[in-house]
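[1] Okay, sequence plus prediction incoming.
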Amino acid sequence: MSKDNKKTSLRYRLLWPIRNEKWQPITIPVASILFSFIVAAIVILLLGKNPIQAFYNLFQGAGIFPKATYAGYKSMLTDFLSLLDAMTPLVFASLAVAVALRAGLFNIGVSGQMLFSGFIATIIVGYSGLDAFVAKPLVLLIGMIAGGLMGGLVGWLKYKFNIHEVVTTIMLNYIAQYVISFFIHNYYIDPVSRQSKYITEAARLTLVNFEFANLKMDIPLGFILAIAVAIFVKFLLDKTVVGFEIKAVGSNRDAAKYTGIKVGSNMILAMIISGGLAGLAGVTYYLGDFASIQPKVLTSLGFDSIAVALLGNSHPIGIIFSSFLISIIDQGSTYMSSQAGIRQEIASVIIGLILLFSACGAYVKHKVSRLKEKEVDRKDSES
Amino acid sequence: MSEYIVEMKHITKRFPGIVANDDVSIGIKKGEIFALLGENGAGKSTLMSMLSGMYEPDEGEIYIRGEKVQISSPNHAANLNIGMVHQHFKLVEDYTITENIILGIEPIKKFAGLFPYVGIRGANRKIEELSKKFGLEVDPTKKIADLTVSMQQRVEILKVLYREAEILIFDEPTAVLTPQEIDFLLAIIEGLRNSGKTIILITHKLEEIKRVADRCAVLNKGKLIDVLDVETTSVNLMAQLMVGREVNFESEKTPAQFKEEVLKVEQLTVKNEDGFEVVKDVSFTIHSGEIFAIAGVADNGQVEIADAIAGLIKASGGKIFLNGQDITNDSIRNRTESGISYIPEDRQKFGLFLDFDLSTNLGSKQYYKKPFSNKGILNKQEFDQFGTQLIEKYDIRSGQGIKTQVRSMSGGNQQKAIIAREIELQSPLMIFVQPTRGVDIGAIENIHRMMIEQRDQGKAILLVSLELDEIMNVADTIGVIYNGQLQKVASSDSLTTNEVGEYMMGAKHE
Amino acid sequence: MDTIIIDGLSFALPLFIMAIGGIYSEKSGITNLALEGFQGFGAFIGAMSAVLIANASGAAVENMFYVALIFAMIGGMGFSVIHAVLSIKFKANQVISGVVINILALALTTFLTTQINALVFGAASDKFRLGVSERFTIDGLANIPVIGAVFTDVYPFEVIIIVIAIFAWYVLYKTKFGLRLRASGENPQSVDAAGVNVYKIRFSAVLISGMLSGLAGMCFAYSISAQFSSGIYMGYGFLAIAALIFGNWRILPTLAACLLFGFAKSGGMYIAQAMALPSSFTDLFMILPYVLTLLLLIFFSKTNRAPRALGEIYDKGKR
C-alpha cells in the first residue's frame, strides 16, 4: 500500500510542469512539441547526423537565426518575410479548422476549399488586368465567397441529409481537384511550367521582389489581415451571440436545440465561416506566394492546418503561435536538407508527430486530474 | 461453517472525493430475502457491486460459503454463483433474448468438426425450459427492442439464472414497474427464495421490504446503521433510520385554486422517427394554479407529449394552445418566449452544457436578449451577476461558484441549476419531466416544495413522472397514459394508487 | 465491355476487403477514418519488403507478390495499433485519431521511401517500383458471354479476397467473437456485464481492420499503381467507408456498393476511351465514384442506422 503511494507521488512529481490546469492549454502543446523534437532528434541521430545542428539549420532557413552567408539582395529579414508569407495562408486555414471544431464539426476539406476559391479568384481577377486597388480586395472577397459557398454546402448536406462532414469534405476535395485540373489543362495551362498561367502582379497578394535597403523582399500583404482576422474570430467566438450559439451547438447539440438555438442553421453558418476562412487561405496561397495553380495537387497545408488548430487548442491566438512554429518547420526544411543532408520530408514527419502527441493531450489531462485526486486523497488519509 | 452464505466484513470503498462504504459488515443467510435499504448515494449499490465483481474493496474481507474470496470480475462472481439483476438493463436491443442471455458464455458447436459456431438453437430450448421452471415465460427468439420493460427485466433475471446463480442481487428492481407488475415481480422473488435461492434486494421502497424481506440492513452515507428483523420493525422506524431524521411522507399542500386556462392540448398526435404513432389523439387542459400529472409506464408516449408541447418534436396532428394562442407550429424559441419553462428528463443530455461554466448555463435561456446581450454582443458581467444571484437564491452548491464547470457538479445541484434557470423565466407554464430522478430524498422534498410554491403563485404545471408515489403526492389532476393514449383524466383525490396502476397497464379504460 | 468488368472487379474487391475491415472496427464501436492511412502504410511495408527481399535474393519484384501481401497485412496491423491505443486506451476522439493517422502515414511513408531508396539503392526516388502481379484466365468459364469476363485476366488477389471475405462473414455472424464484437458496438455495458473485456474486443477489431486494409493497399499497389508512392493515398480508404455506410454496416450490401464504385470507375474510363476524348477529359471521369458517393449518401444516410455506440468512448469505470 505505502509502496504504491510512493509510486503515485513520484509520478505526480514528474508531472509538475503540466499539473496546473490553468496552464494546461499551453503546457500540454509545448510538451507535445518537445516530445516530437526529441523523437525527431533520435531519428536524426540514427541517420548519423547531428540533431542540434539540424534544428539550428531549420531555424536558420526560416529566418529566425542568421545563416552563414546570403546570396545577393537576401538577408535574414528576407527569409523572415518569406516565413510570414508562408505562414499567412496557414493562419487562415487553421482558423477555418478551429471555427468548425468549435461547432463540433471536422472540416477536413480545407485543401479543397482553398483550391476552389484560389481557382475562382484566379480566373475572375487573376487574368483580368484590373487595377491593383480594385483587384486585391476583389480577390479577397471572391475567395471568401467561393470558400464560404463550398463550406456551406457541406454544412447543408450534414443538416439536411445527415451525411458526415468528414466524408463530404473528402469527396468534395477529390471532385474539386479533378474538375479544376480539367479546366486548367484545357483553358489555363502554361505549356512550359505545366501549371496554370501566372496571374498579373496587380492581383497578387504578395508584393514580390520589393526593393528596400538593397534587399529584394516578398511582402505578404495578407499577413496583417490574417492577424486581424484571428483577433476578430476570437471576438466573434467569445463575445457575441453568434459565437455563443456556435459553441453551444458544438458543446451539446441536444441541449442547444432544447435551448431554442437553431442547430441546423448554426452548423451551416459555422461551415460558411469556416469555408470563408479557408477561401482566404486559398487566395493568399495561390494568389500570394505562388501566383499559379498546379493541377491535380491538393496542398498539404490544408491538412497541416488540422495539426496547427489542435496544437493551438482551437484558440485563435494559440493558432497564431502554432502556425508560426509549423511554418518554421516547413520553411526551414529546405535549408536544413541542403546544410545537414537530411531529407526534407522529415519536416512533415515532425508535424505528424506533433499532431499525434497533441491527440494524446486529452488523455494526459484526464490522467493528470486523476493523479491529482489521488494525491489529495493520499494527503487526506495521511493527515 | 458459519450460518451465513455471504459475509462481508469491515468493507471500505473510496471514490475520489467520497467514502462510498465505511467499515460495513453484513452477513446473509442461505435462503432468505435480505434487503438493503438506503437513500440514493447511501452506498448500497456500491456494496453490492463489490459482491458482483464490478469493484474490489479498498479494505475488508468477503466470505462466500465460509471461504474467503477476492471477487475480481463479474465472471468470477458468476463462478461463485452470484448474479446481479441490474437496475439499468444491460441488453443489446438488436439481439434476441437468447443472444443476450448467452453473451459471454456461448455454447459452441462445430461445423464439419472444424469450424466452431454459436449453437443458438440448443440455447433457445434451454432458455425456454428455464423460463417455464421459474414462471418467467418468454419467447427466446424475440428481439429485445420488441419487449416491454417488465419483459426486459425477466430477461435480466433469466440471464443470472442461466448462469446458475444461487445468490441473486436485485438492484432497485421495481423502479420502472407498475403496481401490478411489482406484485408479479415480488411473487417471482418469493418463488425463487422458496426454491432455495438467496436473494439480496436493494431498494429505497419500504413497502416492498415489508412485503417480502426477512431481514433488512439500513445504510446511511456509506455507514451501516443497523440490521433489522423486518417483521418486528415498523415502517416508520426504518424510514427514520434510513434518512437519519424523522420524515414527512406527504408534502404539505394547500388545496388547489384553479384559475384561467393556460395550456390546451387538442387531439395531439405525435409520430416517432419510424413513423409510428407514439402519441394518439391526446386532449387535456391545464389551468393556472393546477399541477397536472401524466402517469404511466416508461415509453408510453408521456415524454413525447412534453416534447411536443415544448417544440422539441413536431406534432403530426392536433393543436396546442398556450393562453389561447395557437403555438402548434411555433419554434422552440418562440414557445419559450410565449411562456414555457421545461425541466427535461435527461438533464445532462438536454438540460446543460456540461463543458460550460455555471453562470453561462444559468443564462443559457436568456443570452440573446437584454440585459444579457445588446446588439449581438454578450455582456459577461450580467451573466456573472445573474449567476451569483441564483446560486444564493436556490442554494446551488459548487466548487468554484459561477466559474465551476457544470460537469464537476453533483446530480442534485445540476438539477437545482436547471430548475432555478427555468423558474426565473417566469413562464406561465412549467413542464417537469422526471424532476426527482436520481436525486436524494432531501432534494426530492425540496423540488416538490418548489413545484407547489410555483403552483400557488398561479403557474400551470405539467408533471411527467414514472414514480406513482410522487404523482399521488403532488398532483391535483392525473392523466393516465397507456400506449400513447390518455386512459383516464381525473382529480387526484378521486383515484387510488391501484386504480391508476390498472389504467397504466391498459387493463381498465373509459 | 469486358474491360469494364475486369477492371471494375480488380478495383472493387480490394475496396471491399478494406470495407470489411471498416465494418469490423465500426461494428465494435470504433469509428475508423484511418483506413486510408492503414492501407497506405501496409502497402509501404509490403512494397519495401518486396523490394528489399528481391534486391537481396536477386529475384524479380513482380514475383514477390505473396511475400509483399503478408508483410502488408502485418504492416497495416502494426500501424493500426496507434489508432487502437489512441481511441481505446487513451480515449482520444476517434475522428481526430483517424485524421492524425492518415496524416502521419503519408508523412512517414514518404520520408521512409526516399530515405530507404537513398540508403539501399543510392537513388533519390520517392517510389518503389513493383510492376503488376501476374493474372490468370479460367479457360472454359471465360468463354461464357458477358459473365466470362469475371474469369478472364483475374488477379490472384481477387480469389484471396473472396476467400477471406467469406471467412470474415462467418466470424462476424456465426462465432462467439462475432457475437461479442457486434454487441460491443451496440451496448458495451451489456458485454462488460457479461464478463467480456470490451477493450480487448475493440482492440482486436481495429487490428483486423488494419490487417485487411494493408492487404487492400498492397493489391492496389500491385495492380492499378504498379508501384508504391504517395500516390497510393487516392482516397480509397474513404471510398471504402462510404461503401460500408451504404451497405448499412453489413457485408453483402457493402459488396454491392463496392462493385458499383468499381464499375463506375472502369466504366468512366472506358467511355472516355471509347469516345476518343483527349486525355485531359479522364479527369472528369475520375470524379464519378466520388460524385456517386455523395449522391448515394444523400439517399441512404437517413435510413441507415449506424451501430448505436459507434464513436462513443467507453469508460468501464463510469457509473
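    Perfect, thanks for sending it.
[2] drop to CA atoms for contacts and neighbour counts, all remaining ones
    Fine.
[3] Count the neighbours of residue B:507 for me.
    When neighbours are counted by other C-alpha atoms under 10 Å in any protein chain shown, residue B:507 registers 11.
[4] Let me fix that, I meant to ask about residue B:264.
    Neighbour count for residue B:264, taken as other C-alpha under 10 Å: 20.
[5] give the contact list for the residue nearest to residue B:72 when sequence neighbours are not counted.
    Excluding its sequence neighbours, the residue lying closest to residue B:72 (C-alpha to C-alpha, 6 or more residues apart in numbering or on different chains) is residue B:53, at 5.3 Å. Applying C-alpha atoms under 8 Å, 6 or more residues apart in numbering or on different chains to residue B:53 gives the contacts B:71-77.
[6] Next: residue A:82.
    A:62, A:217-220 are the contacts of residue A:82 under C-alpha under 8 Å, 6+ apart.
[7] how would you label it: helix, strand or coil?
    Following DSSP: H, G, I helix; E, B strand; the rest coil, residue A:82 is assigned to helix.
[8] measure it to chain C for me?
    Residue A:82 sits 23 Å away from chain C, going by C-alpha to the nearest C-alpha, to the nearest Å.
[9] I'd like the distance between that residue and chain B.
    37 Å.
[10] quick one on the thing from earlier: by neighbours, which of the contacts of residue A:82 wins?
    residue A:62 (31 neighbours).
[11] Three-state assignment for residue B:11, please.
    Residue B:11 is classified as strand under three-state DSSP.
[12] and if you look at residue A:292?
    On the basis of three-state DSSP, residue A:292 is classed as coil.
[13] Show the pLDDT at it.
    Per-residue confidence (pLDDT) for residue A:292: 92.
[14] With residue C:305 instead?
    80.
[15] got it, and residue B:16?
    We have a pLDDT of 67 for residue B:16.
[16] does residue B:455 really touch residue B:292, like I thought?
    No. Proximity of residue B:455 to residue B:292 does not meet the contact threshold set by C-alpha atoms under 8 Å, at 10.3 Å.
[17] what distance separates stretch B:372-385 from the middle of the whole chain?
    Centroid separation between stretch B:372-385 and its chain, computed with C-alpha atoms, centre = their mean, to the nearest Å, is 37 Å.
[18] That one: which residues count as buried?
    B:372-373, B:376-380, B:382-384 (16 or more other C-alpha atoms under 10 Å in any protein chain shown).
[19] I'd like to check which residues are in contact with the residue in the stretch 101-250 of chain B that chain A sits nearest to.
    Using C-alpha to the nearest C-alpha, the closest approach of the stretch 101-250 of chain B to chain A is made by residue B:222 at 17.0 Å. Applying C-alpha under 8 Å, 6+ apart, we find residue B:222 in contact with B:19-22, B:24, B:41-44.
[20] redo that, cut-off 6 Å
    Taking C-alpha atoms under 6 Å, 6 or more residues apart in numbering or on different chains, we find residue B:222 in contact with B:20-22, B:42-43.
[21] Across the sheet, point out what pairs with the nearest residue to it once chain neighbours are set aside.
    Excluding the flanking residues, the one nearest residue B:222 by C-alpha to C-alpha, 6+ apart is residue B:21, at 4.2 Å. When bridges are called by DSSP bridges, residue B:21 pairs up with residue B:13.
[22] Hmm, residue B:21 is touching residue B:9, no?
    No. Applying C-alpha atoms under 6 Å as the test, residue B:21 and residue B:9 come out as separate, 11.6 Å apart.
[23] who touches residue 184 in this structure?
    You didn't say which chain, so I picked chain A. Contacts of residue A:184 by C-alpha under 6 Å, 6+ apart are residue A:196.
[24] ah, no, chain C please
    residue C:28.
[25] Try it again at 8 Å.
    C:27-29, C:190-191, C:198, C:201-202, C:309.
[26] does it sit in a helix, a strand or a coil?
    Applying three-state DSSP: residue C:184 is helix.
[27] From chain B, how far out is residue C:131?
    38 Å.
[28] Confirm that that residue sits in a helix.
    No. The assignment for residue C:131 by three-state DSSP gives coil, which leaves it out of any helix.
[29] Quick check, it in contact with residue C:227.
    Yes. When contacts are counted by C-alpha under 8 Å, residue C:131 is listed as touching residue C:227 (6.3 Å).
[30] I'd like the contacts of residue B:53 as TSV, with pLDDT appended.
    Output for these, formatted as TSV (pLDDT from 0 to 100):
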residue	pLDDT
B:71	91
B:72	87
B:73	84
B:74	83
B:75	85
B:76	89
B:77	90
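[31] which of those lies closest to residue C:175?
    residue B:75 (20.0 Å; C-alpha to C-alpha).
[32] separation between that closest one and residue B:83?
    10 Å (C-alpha to C-alpha, to the nearest Å).
[33] Got the confidence number for the residue nearest to residue B:411 when sequence neighbours are not counted?
    Closest residue in space to residue B:411, ignoring its immediate chain neighbours: residue B:439 at 6.6 Å, by C-alpha to C-alpha, 6+ apart. pLDDT, residue B:439: 74.
[34] do the same with the one 4 residues further on
    Looking at residue B:443, its pLDDT is 77.
[35] Spit out the contact partners of it.
    B:412, B:436.
[36] wait, isn't residue B:168 in contact with residue B:160?
    Yes. Using C-alpha under 8 Å, residue B:168 makes contact with residue B:160 at a distance of 7.5 Å.
[37] any common contacting residues for those two?
    Going by C-alpha under 8 Å, 6+ apart, residues that sit against residue B:168 and also against residue B:160 are B:83-85.
[38] can I assume residue C:239 sits in a helix?
    Yes. Assessed by three-state DSSP, residue C:239 belongs to a helix.
[39] That one: neighbour count?
    26.
[40] before we move on, the earlier item: of the contacts of residue C:184, buried ones?
    Judged by 16+ other C-alpha under 10 Å, buried ones among these: C:27-29, C:190-191, C:198, C:201-202, C:309.
[41] check these against chain B, which are close?
    Residues of those in contact with chain B (C-alpha under 8 Å from any C-alpha of the partner chain): C:190-191.
[42] quick one: low-confidence ranges for the chain?
    I'll assume chain A. A:1-21, A:373-383 (pLDDT under 70).
[43] that's the wrong chain, I wanted chain B
    Judged by pLDDT under 70, the stretches of chain B that qualify are B:1-2, B:16-17, B:40, B:245-252, B:440-441, B:508-510.
[44] tell me which parts of it are close to chain C?
    Counting by C-alpha under 8 Å from any C-alpha, chain B sits next to chain C at B:73-75, B:90-94, B:99, B:103-104, B:106, B:108, B:116-118.
[45] More neighbours: which of residue B:21 and residue B:9?
    Ranked by neighbour count (other C-alpha under 10 Å), residue B:21 and residue B:9 place residue B:21 first, with 27 against 16.
[46] got the contact list for that one?
    Contacts of residue B:21 (C-alpha under 8 Å, 6+ apart): B:11-14, B:43, B:46-47, B:221-223.
[47] Show me which of the residues you listed are buried.
    B:11-14, B:43, B:46-47, B:221-223.
[48] And what about residue B:226, helix, strand or coil?
    strand.
[49] May I ask you to confirm that it is in contact with residue B:215?
    No. Using C-alpha under 8 Å, residue B:226 is not in contact with residue B:215, being 10.6 Å away.
[50] neighbour-wise, which of the two wins?
    Between residue B:226 and residue B:215, residue B:215 has the larger neighbour count (other C-alpha under 10 Å), namely 22 against 15.
[51] Please name the residues that touch the more buried one.
    Counting by C-alpha under 8 Å, 6+ apart, residue B:215 has contacts B:32-35, B:227-230.
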